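Engineer: Pasting the sequence and the predicted coordinates here, then a few questions.
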Amino acid sequence: QALAQAPASMGCHASRKVESKDNHHLHGNVFCGFYRLTGRATADVHDVPASQDAPSLVVTTFSRGDWMQAMEHLGGGWVRIGSPSRAKGLCTQLYHIHGTDRMWTQIDAPPDLSGFWQLRGTSSANARNHRVGGNRHSIVVATFQEGDWIEAVEDLDDDWVRIGAPSRVKGLCTRLRDGMGRRIWTRINNPPPRTDPGPPPSSWTSANGVHIVPDNARVTDMQKLVSATWQVRYTKDRGRGSSVPTGARVLSVLRVENHEALGKYRCHVSDLKARRINEDIPPFTVATRGLLSEDLDATVNEMYLFHGTTPEAGDAIARTVFDVRRAGSAVGSMFGPGIYLAENASKSDEYAKEGSGVFAGQYALLVCRAVAGKVFTAQDGGDYSPKVRSGHHDSVCGDRAAAVGTFREMIFFESSSVYCEFIITYLREYCCVSNV
């Protein structure tokens, strides 16, 4: 009766029996068929139709663009859901009976989930040997990181898809939503630029994998780089009572040949160029500029920067990538939770710690290739990560040199924007320096 009284502008009709095989007339009910949520940002899914006489519990929520199949009309605009399986047997309302807005729009078939998707709604997602559900045990075979992409080639129901590419996860399954029902994969038109490194640099001696290779032919060049950027200035990051080294003597240089990490870095550079193709990126000069002969792309402010650590931790970082989640674990995160690098070796030395065992008395500097892109400069402390995550900038410069006469630091909020290229081990040198 309520449906019969609904305005025609809603496209509503009274429930009636018909003889048709059309998807919209399953079970002889004109309200049965496929629908997509278009009129609201969200729609609740209940265990039973809501009414004054029957308490109703919200079990899950649909988001704009989601689809469902109505299998049975329950009166008052309420329908019972047949699929997707996460809402099977539950109920939702097609429109508000006292309003004029229709929440759901009838469609001919469920949306096609095939195509390219990129992980943007969470930091990681699993790829399994088959979809979760049924009596079979599902095993996590691989893990995606934010920014990774897939090609979905088969819809397995309930937002699970079978993967066709990239090759490392071909044939596996992943879900386009998280456990709370929120969409974590975003549809894209084409896969991002390839993440394999392509031809390795001519100086590399390996073809794949991760290799830490002695490169002591570079000791002289690295000594010049460290000495040219060493400035004797005290900051509170060094710690009260600590002496400020007047310099450093480079002992060894190790070249990092991490093919996967280099590939992700090159992909990040390509993405940045694509995003900024119609913009002029203001040049940003650092103290290391021109001190190493390696090729750098000045159009996107590619640069060499330092990161201080222990010899043992340096090896671990080089074999993986910088972990943004550990930001600030050594000293702090004055400008937000990110990867902190410096143009001055003496600034990064503040964060370096003495090694143990055979590395006793030695410290480590990572010489990193980084792409700064469009830089946001700040003098005062604060969390500036939204400046980058919004897309307006690509990195942050914490300019304490301008503020209090100490140093500048560069902060990056994506691990793929930095590649650790060399590890330097060194001794601190002191000459006529008193404790601060």
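Structural biologist: That came through fine. Quantities reported herein were computed from a predicted structural model and do not represent experimental measurements. Residues are numbered from 1 along each chain as shown.
Engineer: Please go through this structure and pick out the longest helix.
Structural biologist: helix 259-275 (DSSP state H).
Engineer: just checking, what packs against whichever helix or strand comes after it?
Structural biologist: Proceeding N to C from helix 259-275, the next assigned helix or strand is strand 302-309, under DSSP states H and E. On a contact count with 3 or more Cβ pairs under 8 Å, 6 or more residues apart in numbering; DSSP states H and E, strand 302-309 meets strand 339-342, helix 345-349, strand 363-371. The way it works is simple: take the backbone N, C-alpha and C, and place the C-beta from them, glycine included.
Engineer: quick one: strands adjacent to the last one?
Structural biologist: For strand 363-371, the pairing partners within the sheet under DSSP bridges are strand 302-309 (antiparallel), strand 418-429 (antiparallel).
Engineer: show me the contacts for the most centrally placed residue in the chain.
Structural biologist: Residue closest to the average C-alpha location in the chain (Cα atoms, centre = their mean): Glu146, at 3.2 Å. By Cβ atoms under 8 Å, 6 or more residues apart in numbering, Glu146 lies in contact with 119-120, 122-124.
Engineer: Most neighbours among these, please name it.
Structural biologist: Tallying neighbours with other Cβ atoms under 10 Å puts Leu119 at the head of these, with 20 neighbours.
Engineer: Out of the strands paired with strand 363-371, indicate the one that is most buried.
Structural biologist: Highest mean neighbour count of the strands paired with strand 363-371: strand 302-309, a mean of 24 (counted as mean count of other Cβ atoms under 10 Å).
Engineer: what comes up buried for the very next helix or strand once past that one?
Structural biologist: As assigned by DSSP H and E, the chain's next helix or strand after strand 302-309 is helix 311-319. Using 16 or more other Cβ atoms under 10 Å as the test for burial, helix 311-319 gives 311, 313-315, 317-318.
Engineer: Show me what helix 311-319 is packed up against.
Structural biologist: Counting contacts by 3+ Cβ pairs under 8 Å, 6+ apart, helix 311-319 packs against strand 210-214, strand 247-258, strand 363-371, strand 418-429.
Engineer: Among these, which comes closest to Gly290?
Structural biologist: strand 363-371 (14.6 Å; Cβ to Cβ).
Engineer: Rebuild the helices and strands packed on helix 311-319 as JSON lines, extending it with distance to Gly241.
Structural biologist: Formatted as JSON lines, these follow (distance: least, Cβ to Cβ, whole Å):
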{"stretch": "strand 210-214", "distance to Gly241": "35"}
{"stretch": "strand 247-258", "distance to Gly241": "20"}
{"stretch": "strand 363-371", "distance to Gly241": "18"}
{"stretch": "strand 418-429", "distance to Gly241": "16"}
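Engineer: Make a markdown table from these and add mean pLDDT and distance to Ala41 to it.
Structural biologist: Below are those laid out as a markdown table (pLDDT from 0 to 100; distance: least, Cβ to Cβ, whole Å):
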| stretch | mean pLDDT | distance to Ala41 |
| --- | --- | --- |
| strand 210-214 | 95 | 45 |
| strand 247-258 | 96 | 43 |
| strand 363-371 | 96 | 36 |
| strand 418-429 | 96 | 37 |
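Engineer: if we compare the ones you listed, which one ends up closest to Tyr265?
Structural biologist: That would be strand 418-429 among those, by Cβ to Cβ, at 4.0 Å.
Engineer: Give me the residues contacting stretch 217-235.
Structural biologist: Here stretch 217-235 makes contact (Cβ under 8 Å, 6+ apart) with 244-253, 255, 287-288, 291-293, 304, 306, 343-347, 350, 365, 367, 400, 405-407, 422, 424, 426, 433, 436.
Engineer: Which members of those residues are classed as buried?
Structural biologist: By 16+ other Cβ under 10 Å, the contacts of stretch 217-235 give 244-245, 247-248, 250-253, 255, 287-288, 291-292, 304, 306, 343-347, 350, 365, 367, 400, 406-407, 422, 424, 426 as buried.
Engineer: give the contact list for Cys397.
Structural biologist: Listed by Cβ under 8 Å, 6+ apart, the contact set of Cys397 reads 284, 372, 375-378, 408-411.
Engineer: do Tyr304 as well
Structural biologist: Residues near Tyr304 by Cβ under 8 Å, 6+ apart: 225, 286, 288, 291-292, 294, 296, 367-370, 421.
Engineer: switch to 6 Å and redo it
Structural biologist: Shown in contact with Tyr304 (Cβ atoms under 6 Å, 6 or more residues apart in numbering): 288, 292, 367.
Engineer: rewinding a little: take the helices and strands packed on strand 302-309 and write them to JSON lines, including distance to Arg266.
Structural biologist: Shown next, in JSON lines, are these (distance: least, Cβ to Cβ, whole Å):
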{"stretch": "strand 339-342", "distance to Arg266": "17"}
{"stretch": "helix 345-349", "distance to Arg266": "24"}
{"stretch": "strand 363-371", "distance to Arg266": "10"}
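Engineer: Looking at these, which is nearest to Gly76?
Structural biologist: strand 339-342 (55.4 Å).
Engineer: tell me what that closest one is packed against?
Structural biologist: Applying 3 or more Cβ pairs under 6 Å, 6 or more residues apart in numbering; DSSP states H and E, we find strand 339-342 packed against strand 302-309, strand 408-412.
Engineer: hmm, who's touching that strand?
Structural biologist: So strand 339-342 is contacted by 305-307, 322, 348, 368, 409-412, 418 (Cβ under 6 Å, 6+ apart).
Engineer: Go again with 8 Å.
Structural biologist: So strand 339-342 is contacted by 305-308, 322, 324, 327, 333, 348, 351, 368, 370, 407-413, 415, 417-418 (Cβ under 8 Å, 6+ apart).
Engineer: And stretch 38-47, by the same measure?
Structural biologist: Against stretch 38-47 from outside (Cβ under 8 Å, 6+ apart): 37, 56-66, 81, 87, 90-93, 95, 101-105.
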